[in-house]
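Peer 1: Give me coordinates for this.
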Amino acid sequence: PIRVRVVGNLPYYITSDILLALFKAHRNIETIVVMVQLEVAERLAAKPGGSEYGLLSATAQLYGTVENLFKLPPGAFNPPPKVHSGVVRIRIEPQFEKLNVDETGFIEFLKLSFGQKRKTLINNLREKYDAAAIKQALAAAKIRPDVRAEALSLESAAEIYKSLLAGQNK
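Peer 2: Numbers count the residues shown, from 1 in each chain. Okay, here's the model as predicted:
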């Protein structure tokens, strides 16, 4: 299949929706280079453990390698926006095989995990999984029971997800 490079200046109010649509089409995309609001650029490249890390960070990093290339001040544009901008490159390199997870199920798991930012992972996952099974999955992955989703690497999240799936399939 032909793989394209996507380059653009995304409308700030629908950046996440556009990126998520691009990630869905990842099989046809080699690289994404886009200008976005600076805080979104920082969120896309954020590492687990920081307050900037969330569902968008995890999803972007699940589909590829994210690099913040440069920042632009409002004065670089006419008329100037009210915010700073950042240019981001995402090299599409899906992690599903490496993590040994299915795309649809794992994305749903991440959405559930980050469902409510202030809640612990256990409380967010209770919507779909039994509390005892969640605690068992966290213990198997050597993760503290009071952890929040933003503290987890994709590898740790995948371990918990696979453990919960194995428990459901018994």
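
Peer 1: CA atoms for contacts and neighbours, from now on please.
Peer 2: Noted.

Peer 1: In terms of secondary structure, what does the lengthiest helix in the chain contact?
Peer 2: Ranked by residue count and defined by DSSP state H, the top helix of the chain is helix 154-168. The contact analysis (3 or more CA pairs under 8 Å, 6 or more residues apart in numbering; DSSP states H and E) places helix 154-168 against helix 103-113, helix 131-140.

Peer 1: what's next to the shortest one, contact-wise?
Peer 2: Surrounding helix 131-140, the residues in contact under the criterion CA atoms under 8 Å, 6 or more residues apart in numbering are Ile122, Leu125, Arg126, Arg144, Pro145, Glu159, Ile160, Tyr161, Ser163, Leu164, Gly167.

Peer 1: and the gap between the last one and Pro145?
Peer 2: Which is Gly167. Gly167 is 17 Å from Pro145, where distance means CA to CA, to the nearest Å.

Peer 1: circling back to that earlier point, to Ser153, which of the helices and strands packed on helix 154-168 lies closest?
Peer 2: helix 103-113 (11.2 Å; CA to CA).

Peer 1: mean confidence for the closest one?
Peer 2: Averaging pLDDT along helix 103-113 yields 95.

Peer 1: Any regions of this protein where pLDDT drops low?
Peer 2: 168-170 (pLDDT under 70).

Peer 1: all helices for the chain, in order.
Peer 2: Under DSSP H, the chain gives helices at 15-24, 38-45, 55-63, 96-99, 103-113, 121-125, 131-140, 154-168.

Peer 1: Could you pull up the contacting residues of Arg3?
Peer 2: Arg27, Asn28, Ile29, Glu30.

Peer 1: and those residues, which are buried?
Peer 2: Ile29, Glu30 (16 or more other CA atoms under 10 Å).

Peer 1: could the contacts of Arg3 go into CSV alongside distance to Lys71?
Peer 2: CSV is the format used below for the contacts of Arg3 (distance: CA to CA, whole Å):
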residue, distance to Lys71
Arg27, 29
Asn28, 28
Ile29, 24
Glu30, 23
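
Peer 1: Many thanks, we can stop here.
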